[in-house]
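Asker: Provided below are the primary sequence and the corresponding predicted coordinates.
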Amino acid sequence: MAYDLEQLAVASWAHLCPFRVWSPVASGTIVHVIFDSLLFYFITKIEVTYTKKLGDCGTPFSSSKGRKKVKLAKLFDVCTVSRTDRETKLTLVFEHVDQDLTTYLDKVPEPGVPTETIKDMMFQLLRGLDFLHSHRVVHRDLKPQNILVTSSGQIKLADFGLARIYSFQMALTSVVVTLWYRAPEVLLQSSYATPVDLWSVGCIFAEMFRRKPLFRGSSDVDQLGKILDVIGLPGEEDWPRDVALPRQAFHSKSPQPIEKFVTDIDEQGKDLLLKCLTFNPAKRISAYSALSHPYFHDLERCKENLDAHLPPSQNSSEMNTA
């Protein structure tokens, strides 16, 4: 159970009674992995501090909302460690998933991840993202380290520390998304919305085949240059007008065949990848549309009734209007 901030004043460790018999497994600065000997279950305990000043635009997303409908890391409980007028220190207790996608890819033996496994994981990832976007939530930090993989192959989205509920009026911050998964509009410090997550998905999709990042820049400008080396320099009409860095700062480049960088991907996979890695966010595919892409037509999971799933996300061009 998660508590509202008003309730946190009275929450205590007593609410963690199902987890009262703990055995430490691993610890970090703020994260502790422990084993509940009553439930025979690993859980992850995270210590965080909540301050009244958000220090960012937009409304923080509570991942406890609607978690029955999408695979998110389950939040078991929230309890107050201490509270002052300015801040509240919390302990969050999550289910423990023992590997993320980075670890999974590192452990996969040659010749790599089976293509059907990649397809299944991509479909799960897009369904989770469609759920977020249909509720106007931008994750803003999608990367392999924030995608958990269970022992049964389930994909779970994690780390919503940068997630925000999107508003057309808000000015979004530029320092979001780990550099290698950052969309061009973020690198250019332009306005952005849900399409930034689809760019990150494209980078992750390619990495599942390559088992290493597709674009490995050392700075915003270097990252943008590496992107343009692959997808080519876009036309003037696709370059954002509200940025300081002009299109003329880059040499004219033609798109390279994507199979040169991502081998073993079929024609439908290439098409989906390029739709995710479209420079102009208004032309980038949405998570909802991607779920109906022909790439997934032979996937058994696609035979589920999508009408009973979720309402469609708003059009990318509408969601990108700031």
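Answerer: Done, it's in.
Asker: Spell out which helix or strand contains the closest residue to residue 232 other than its chain neighbours, please.
Answerer: Leaving aside its chain neighbours, residue 232 sits nearest to residue 255 (3.6 Å; criterion: C-beta to C-beta, 6 or more residues apart in numbering). For glycine as for every other residue, the C-beta is placed from the backbone atoms N, C-alpha and C. Of the helices and strands defined by DSSP states H and E, none includes residue 255.
Asker: let's have the chain start at 19 instead
Answerer: Got it, the first residue is 19 from now on, which makes the last one we talked about residue 273.
Asker: Residue 273: how many residues sit nearby?
Answerer: Neighbour count for residue 273, taken as other C-beta atoms under 10 Å: 13.
Asker: again with residue 217
Answerer: 25.
Asker: could you give me the average pLDDT of the helix or strand encompassing it?
Answerer: Taking DSSP H and E as the definition, residue 217 sits inside helix 213-228. What helix 213-228 shows for mean pLDDT is 97.
Asker: coming back round to it: in contact with the residue nearest to residue 250, which residues?
Answerer: 248, 249, 250 (C-beta atoms under 8 Å, 6 or more residues apart in numbering).
Asker: Tell me the spacing between residue 248 and residue 165.
Answerer: 22 Å (C-beta to C-beta, to the nearest Å).
Asker: again with residue 252
Answerer: 28 Å.
Asker: Residue 151 reaches residue 306, doesn't it?
Answerer: Yes: Residue 151 is within contact range of residue 306, at 7.4 Å (criterion: C-beta atoms under 8 Å).
Asker: distance of the nearest residue in space to residue 222 that is not next to it in sequence from residue 231?
Answerer: Spatial nearest neighbour of residue 222, chain neighbours left out: residue 162 (6.0 Å); criterion: C-beta to C-beta, 6+ apart. As defined by C-beta to C-beta, residue 162 lies at a distance of 9 Å from residue 231.
Asker: Between those two, point out the one with more neighbours.
Answerer: When neighbours are counted by other C-beta under 10 Å, residue 162 and residue 231 differ, and residue 162 comes out ahead with 22 against 19.
Asker: so that one touches residue 225, yeah?
Answerer: Yes: using C-beta under 8 Å, residue 162 is in contact with residue 225, at 6.3 Å.
Asker: anything in contact with each of those two?
Answerer: The contact lists of residue 162 and residue 225 share residue 123, where a contact means C-beta under 8 Å, 6+ apart.
Asker: in this protein, what spans have low per-residue confidence?
Answerer: Filtered on pLDDT under 70, the chain yields the residue ranges 19-115, 177-195, 318-340.
Asker: so can I have JSON lines of the contacts of residue 273 showing distance to residue 293, secondary structure and neighbour count?
Answerer: Shown next, in JSON lines, are the contacts of residue 273 (distance: C-beta to C-beta, whole Å; DSSP: H, G, I helix; E, B strand; the rest coil; neighbours: other C-beta atoms under 10 Å):
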{"residue": "248", "distance to residue 293": "15", "secondary structure": "helix", "neighbour count": "18"}
{"residue": "249", "distance to residue 293": "12", "secondary structure": "helix", "neighbour count": "18"}
{"residue": "250", "distance to residue 293": "15", "secondary structure": "coil", "neighbour count": "14"}
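Asker: can you redo the residues you listed as JSON lines with distance to residue 284?
Answerer: As requested, the contacts of residue 273 are exported to JSON lines (distance: C-beta to C-beta, whole Å):
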{"residue": "248", "distance to residue 284": "19"}
{"residue": "249", "distance to residue 284": "19"}
{"residue": "250", "distance to residue 284": "22"}
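Asker: Report the contact partners of residue 162.
Answerer: 118, 119, 120, 123, 222, 225.
Asker: How about residue 124?
Answerer: residue 229.
Asker: try 10 Å
Answerer: Contacts for residue 124 were tallied using C-beta atoms under 10 Å, 6 or more residues apart in numbering; they are 117, 118, 162, 229.
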